[in-house]
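**Student:** For reference, the sequence and a predicted model appear below.
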Amino acid sequence: MAVLSVTRSRRVGRGITRLFTLPGWERRVGLAGVLVVALLATAAPLLTAYDPTVLDLPHALQPPSLAHPFGTDPFGRDIFSRVLYGARIDLQIGLIGVAIPLVCGTAIGLVSGFYGGWIDGIIGRIIDVVVAFPFLVLVIAIVAMLGPGLVSFYIAVSLVSWVAYARIIRGEVLSARGREYVLAARMLGYSDARIMFRHLLPNVVPAVFVFAMSDIVLDILTGASLGFFGLGVQSPTPEWGVMIAEGRDFITTAWWMVAFPGLAIIVVGLFFSLVGDGLADVIRRIDAR
Amino acid sequence: MHARDDLVVDNLRVWFGHGARRREVIHGVSFELPAGSSFGLIGESGSGKSLTCRSILRLLPPGGSIGGHIRYGGVDLAGLGEGAMRAYRGSRIGMIFQDPLTALNPVMRVGDAIAQVIAEHGRIGTRPARSAAVEMMERVGILDAARRAHDYPHQFSGGMRQRIVIAMALAAQPTLLLADEPTTALDVIIQAEILRLIDRLRRDRGMSLLLVSHDLGVVASVCEQIGVMYAGELVEIGPTQQLLASPRHPYTRGLLESLPEAGDQGRLRPIPGAPPDPAARPSGCAFAPRCRLATEECRRQPIPLIGVDEHRASRCIHVQQLAEAVHG
């Protein structure tokens, strides 16, 4: 088999390499930053000697120093370790909170745009209803009903934010559906599912990945907000929003308690935004070709 | 092989819209395409030639419905369920399109696209399908096919893309090929090459060909029979040679006279007027308002297809006058 011997996995590998080799510095800086943050989160136990949850009252509320680079909180816990371990939770919030609605919303948008008619009508009305509520209010309401915690948060975010993905995909499908290659696929006797997932999906999905990058940022912020309100991750688990909430009362006396988790949110958000911008740029260039 | 893969289109009608806004756009088209033969449909834009072609695979734009019979190998396709119909699409009936760029999925490597058709309809594994795909590409005249199978559609020229579309259409070894304006988007030299290719492949495989074009020259070069469509109906039908040498319908004659020839200057004679709006068809002959021979009788009632001789028929009551005009 000399012909067509390049396997699918090797192609995917080449695609990922290309994310770095293609020109455009935003995407590369963003990707590198995200990877570094993920690496730091994974290697947290190696980077800090302190357990993020163990109390050490004699060393409470110490300003940043060599021993505690980000200082300590009122319970003597090392803020640096809590920020590092917090990255694990917050990255998870960003990824899972985006993955579920991305998959569901994409599938729903694909069906809606492809079939049109009454199916599209019903899905369109549901989308309108969900969009009518402010995002954060709806998420908080659902979490409040289900009870605080990460699982409630994922359920709430999935129920609310799939609509954004469904709308984007539906629009893309509507414009792609009229192309002759879709007609050609039907002329070749392919099933609807095959046309949707193997022919339409690869053509429409890039748009959604760009949005997903900014959605990750939004999700981390939402997760942090819920943590701040006491509806998300519960103390003493280190999570950036929870940490900012804990530091609220000390903001005039121990600024490091809010500054460092806040900075972490900003930096991660910036990296993901850079990736999103860079991806949008790549897609524009491919479309222009 | 089945009964015999003859295509018989019998009184095909196509409607669009519902209720009071329902309009008939194809008014009872009938023709036969015996297995292994070639038939060309010509006409202006909007004459219904493409719709007729698409009706055979029952893939009309949204809102369209079909009446009449489309028998293929003894089975009436017009009455088949969607599932049964899918078994015909691509496998026994292939189709190629006007614009070879949009007809190919831009994010799929061409080798994969062809291999998919083979794997889907031949029920064979991916690997043998891929080598078959490369073989298919060689057969439609793509050089260095094994390497080019990895390329994406945008890396090919227009003519090469159309070859790939043809390779896809033929990959499942259909017995009938529908070609809807296959060369319209190509320049004249490439056009001739593609037509030669289609003709050669048809003869090699004993396929039937239904070619749709607005270009008489294109149809004449590969088709044994020609049907001329006007305003949703066949106005003349007959063997290519005879039809071109002595048209028996004023519209066909108009088409021939409006053809430019190399070296001609100022001799083009366009057909005056425009085709009728499907919503406001004249009561009699649809062509009468543009016809030089039209009389009162033409406008009174619809004109049936009248046999001219055993092979030819025309929807014109002034056939005799036309025959004399050509010979005299």
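**Tutor:** Cool, the structure landed. Numbers count the residues shown, from 1 in each chain, chains lettered A, B, ... in the order given.
**Student:** Near the nearest residue to B:Gly158 once chain neighbours are set aside, how many other residues are there?
**Tutor:** By the measure of CB to CB, 6 or more residues apart in numbering or on different chains, the closest residue to B:Gly158 outside its immediate chain neighbours is B:Leu186, 5.5 Å from it. Using the backbone N, CA and C atoms, a C-beta is placed for each residue, glycine as well. By other CB atoms under 10 Å in any protein chain shown, 21 other residues sit near B:Leu186.
**Student:** now swap in the one 4 residues further on and tell me
**Tutor:** For B:Ile190, the tally of surrounding residues (other CB under 10 Å) stands at 17.
**Student:** list the contacts for it?
**Tutor:** Contacts for B:Ile190 were tallied using CB atoms under 8 Å, 6 or more residues apart in numbering or on different chains; they are B:158-159, B:162, B:183.
**Student:** Now the buried members of the residues you listed.
**Tutor:** Applying 16 or more other CB atoms under 10 Å in any protein chain shown to these, the neighbour count classes B:159, B:162, B:183 as buried.
**Student:** So which of those is the closest to A:Ile168?
**Tutor:** Using CB to CB, B:Gln162 is the member of those that sits closest to A:Ile168, with 33.0 Å.
**Student:** Check the contact between the closest one and B:Leu186; I expect there is one.
**Tutor:** Yes: in this structure B:Gln162 lies within contact range of B:Leu186 using CB atoms under 8 Å: 6.3 Å.
**Student:** what sits in contact with each of those two?
**Tutor:** With CB under 8 Å, 6+ apart applied, the overlap between the contact sets of B:Gln162 and B:Leu186 consists of B:100, B:194.
**Student:** Does the helix or strand in which A:Ala264 is found reach chain B?
**Tutor:** Taking DSSP states H and E as the criterion, the element that holds A:Ala264 is helix A:256-288. No: remark: helix A:256-288 sits outside contact range of chain B, by CB under 8 Å from any CB of the partner chain, the gap being at least 9.0 Å.
**Student:** for chain A, what's the longest helix?
**Tutor:** Ranked by residue count under DSSP state H, the longest helix found in chain A is helix A:79-115.
**Student:** Residues touching the helix or strand following it, excluding its own?
**Tutor:** Secondary structure here is assigned by DSSP H and E; on that basis, the next helix or strand after helix A:79-115 toward the C-terminus is helix A:117-132. Outside of helix A:117-132, the residues that reach it under the criterion CB under 8 Å, 6+ apart are A:108, A:111-113, A:138, A:159-160, A:163, A:166-167, A:170.
**Student:** again, but for stretch B:67-78
**Tutor:** In this structure, residues lying in contact with stretch B:67-78 by CB under 8 Å, 6+ apart are B:2-15, B:28-29, B:55-58, B:66, B:79, B:85, B:88, B:92-93, B:175-176.
**Student:** at 6 Å instead, please
**Tutor:** Outside of stretch B:67-78, the residues that reach it under the criterion CB atoms under 6 Å, 6 or more residues apart in numbering or on different chains are B:2-3, B:5, B:7-13, B:56, B:66.
**Student:** Just the buried residues of that stretch, please?
**Tutor:** Taking 16+ other CB under 10 Å as the neighbour-count basis, stretch B:67-78 is seen to contain the buried residues B:68, B:70-73, B:77-78.
**Student:** start to end distance for that stretch?
**Tutor:** Between the opening and closing residues of stretch B:67-78 lies a distance of 7 Å (CA to CA, to the nearest Å).
**Student:** Next: stretch B:66-80.
**Tutor:** The stretch stretch B:66-80 measures 12 Å between its terminal residues, going by CA to CA.
**Student:** Just name the shakiest helix or strand of chain B by mean pLDDT.
**Tutor:** helix B:319-327 (a mean of 74; mean pLDDT, DSSP states H and E).
**Student:** picking up where we left off before, want to try JSON lines for the contacts of stretch B:67-78, with pLDDT as columns?
**Tutor:** Converted to JSON lines, those look like this (pLDDT from 0 to 100):
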{"residue": "B:His2", "pLDDT": "45"}
{"residue": "B:Ala3", "pLDDT": "51"}
{"residue": "B:Asp5", "pLDDT": "87"}
{"residue": "B:Leu7", "pLDDT": "95"}
{"residue": "B:Val8", "pLDDT": "95"}
{"residue": "B:Val9", "pLDDT": "95"}
{"residue": "B:Asp10", "pLDDT": "94"}
{"residue": "B:Asn11", "pLDDT": "95"}
{"residue": "B:Leu12", "pLDDT": "95"}
{"residue": "B:Arg13", "pLDDT": "94"}
{"residue": "B:Ile56", "pLDDT": "93"}
{"residue": "B:Ile66", "pLDDT": "92"}
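**Student:** Closest one of the residues you listed to A:Glu239?
**Tutor:** A:Glu239 has its nearest neighbour among the contacts of stretch B:67-78 in B:Ile66, at 61.6 Å by CB to CB.
**Student:** count of neighbours near the closest one?
**Tutor:** The burial metric for B:Ile66, expressed as a neighbour count using other CB under 10 Å, is 20.
**Student:** so it makes contact with B:Leu57?
**Tutor:** No: with contact defined as CB atoms under 6 Å, B:Ile66 does not reach B:Leu57; the gap is 10.7 Å.
**Student:** Count the residues that sit near residue 214.
**Tutor:** You didn't say which chain, so I picked chain A. Counted with other CB under 10 Å, A:Ser214 comes out at 18.
**Student:** Chain B was what I was after
**Tutor:** There are 17 residues near B:His214, going by other CB under 10 Å.
**Student:** ok, back up a step: ok now the helix holding A:Ala264, how far from the chain's centre?
**Tutor:** Relative to the chain's own centre, helix A:256-288 is displaced by 11 Å; criterion: CA atoms, centre = their mean, to the nearest Å.
**Student:** Do me a favour and average the pLDDT over that helix.
**Tutor:** Averaging pLDDT along helix A:256-288 yields 88.
**Student:** likewise stretch B:141-159?
**Tutor:** Taken as a whole, stretch B:141-159 carries a mean pLDDT of 93.
**Student:** From the contacts of helix A:117-132, pick the one nearest chain B.
**Tutor:** The closest of the contacts of helix A:117-132 to chain B turns out to be A:Gly113 (CB to the nearest CB; 13.4 Å).
**Student:** out of everything not next to it in sequence, what's closest to the closest one?
**Tutor:** A:Val173 is the one closest to A:Gly113 (CB to CB, 6+ apart), at 2.9 Å.
**Student:** Around the one you found, how many other residues sit close by?
**Tutor:** By the criterion of other CB under 10 Å, A:Val173 has 25 neighbours.
**Student:** so how far is chain B from it?
**Tutor:** For A:Val173, the distance to chain B under the criterion CB to the nearest CB, to the nearest Å works out to 14 Å.
**Student:** ok but that residue is inside a helix, no?
**Tutor:** Yes: looking at A:Val173 with DSSP: H, G, I helix; E, B strand; the rest coil, it is inside a helix.
**Student:** and it, what pLDDT?
**Tutor:** pLDDT for A:Val173: 93.
**Student:** repeat for B:Leu211
**Tutor:** Residue-level confidence at B:Leu211 comes out at 96, pLDDT.
**Student:** ok, it - contacts?
**Tutor:** When the contact criterion is CB under 6 Å, 6+ apart, the partners of B:Leu211 are B:40, B:179, B:219, B:223.
**Student:** Settle this for me: the third one is touching B:Leu210, isn't it.
**Tutor:** Spelled out, that is B:Val219. No: using CB under 6 Å, B:Val219 is not in contact with B:Leu210, being 10.6 Å away.
**Student:** can you give me the helices for chain B?
**Tutor:** According to DSSP H, the helices that chain B contains are B:49-56, B:82-86, B:110-122, B:126-139, B:145-148, B:158-171, B:188-205, B:216-222, B:240-245, B:250-257, B:296-300, B:319-327.
**Student:** Take the ones you listed and lay them out in JSON lines including distance to A:Pro148.
**Tutor:** Compiled in JSON lines, those are given as follows (distance: least, CB to CB, whole Å):
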{"stretch": "helix B:49-56", "distance to A:Pro148": "58"}
{"stretch": "helix B:82-86", "distance to A:Pro148": "50"}
{"stretch": "helix B:110-122", "distance to A:Pro148": "49"}
{"stretch": "helix B:126-139", "distance to A:Pro148": "49"}
{"stretch": "helix B:145-148", "distance to A:Pro148": "59"}
{"stretch": "helix B:158-171", "distance to A:Pro148": "56"}
{"stretch": "helix B:188-205", "distance to A:Pro148": "67"}
{"stretch": "helix B:216-222", "distance to A:Pro148": "72"}
{"stretch": "helix B:240-245", "distance to A:Pro148": "80"}
{"stretch": "helix B:250-257", "distance to A:Pro148": "77"}
{"stretch": "helix B:296-300", "distance to A:Pro148": "82"}
{"stretch": "helix B:319-327", "distance to A:Pro148": "88"}
